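A.B. asks: Structure for the following, please:
(one chain, ligands or ions: 2)
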Amino acid sequence: MKILVPLDFSKSAESITKYAVDLARKLNGDLTFYHVIDERNFFTYNTVYTFPEYYPEVKLDEESQQQMKESAETEFKKMIESFEIKDINYNIEVDIGIPYSQICDYAKENKYDLVIIGSHGKTNLKDIFLGSVVDYISHHIDIPILIYKIDISKRK
Ligand code: ATP
Ligand code: MN
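C.D. replies: Residues are numbered from 1 along each chain as shown. Ligands and ions are numbered 1, 2, ... in the order given. Sure thing, here's the model as predicted:
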């Protein structure tokens, strides 16, 4: 059984991971921890890159994107390793894209059986029932999805 666990770098990542690991043990599943670098954050760089006459020093080429990906991979790996996961097969993947659609595409293309995702992430607004990434995915993905409810009393 292939289980996809999309994570951002928010506080909730640890409890989502713990839950996913326990469930994977029971289901004899393999986990993939997946992070998407939001390409829309490159906008400011792209703006300066589109006007090289104004900003001759600034470049965000393929190579810089690759560097950013590698750096994110290193940090993501560090975070996952700090959770001290035992007795379970897992791997780690990082991509660049628009998180909500990239996660759907990735899950579909790689034929995952289940997605485990948090109800909230980095923004973590108290009065919002679901974050926008998980909300979109829950409406658009065609494979089973388990939304791990982040405990509001513990949220900051
Ligand atoms: P919003 O992003 O709408 O401001 P939020 O950050 O609280 O609100 P979401 O972004 O929907 O809520 O996060 C819910 C869950 O979606 C996270 O706990 C995580 O599992 C997953 N997720 C969010 N962003 C990413 C990302 N960039 N890459 C991988 N997984 C993500
Ligand atoms: Mn978010």
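
A.B. asks: For the rest of this, base every contact and every neighbour count on C-alpha atoms.
C.D. replies: Fine.

A.B. asks: and residue 35, what element?
C.D. replies: Following DSSP states H and E, the helix or strand that holds residue 35 is strand 30-38.

A.B. asks: what about the spatially most central residue of the chain, distance to residue 78?
C.D. replies: Compute the mean C-alpha point of the chain, and by CA atoms, centre = their mean the closest residue is residue 35, 3.0 Å away. Plainly put, residue 35 is 13 Å away from residue 78 if you go by CA to CA, to the nearest Å.

A.B. asks: quick check, the strand holding residue 35 touching ligand 2?
C.D. replies: No: applying CA under 5 Å from the ion, one finds strand 30-38 out of contact with ligand 2, separated by at least 9.9 Å.

A.B. asks: what's the burial count for the residue lying closest to residue 102 once chain neighbours are set aside?
C.D. replies: Once flanking residues are discounted, residue 102 sits nearest to residue 36: 7.3 Å by CA to CA, 6 or more residues apart in numbering. As a burial measure, residue 36 scores 21 neighbours (other CA atoms under 10 Å).

A.B. asks: Pretty sure residue 36 sits against residue 95.
C.D. replies: Yes: counting by CA atoms under 8 Å, residue 36 touches residue 95, with 4.9 Å between them.

A.B. asks: Which neighbours do the two have in common?
C.D. replies: The contact sets of residue 36 and residue 95 do not overlap (CA atoms under 8 Å, 6 or more residues apart in numbering).

A.B. asks: now the angle from the longest helix seen in the chain to strand 30-38?
C.D. replies: Ranked by residue count under DSSP state H, the longest helix found in the chain is helix 62-82. Counting by axes from the mean of the first three to the mean of the last three CA atoms, to 10 degrees, helix 62-82 points 140 degrees away from the direction of strand 30-38.

A.B. asks: So which bits of helix 62-82 are buried?
C.D. replies: Within helix 62-82, the residues scored as buried using 16 or more other CA atoms under 10 Å are 69, 72-73, 76-77, 80.

A.B. asks: what's the most distant pair in these?
C.D. replies: Taking CA to CA as the measure, the buried residues of helix 62-82 span a maximum distance of 16.2 Å, between 69 and 80.

A.B. asks: now the helix or strand containing residue 115: mean pLDDT?
C.D. replies: Secondary structure assigned from DSSP H and E places residue 115 in strand 114-118. When the per-residue pLDDT values of strand 114-118 are averaged, the result is 98.

A.B. asks: Cool, thanks, signing off.
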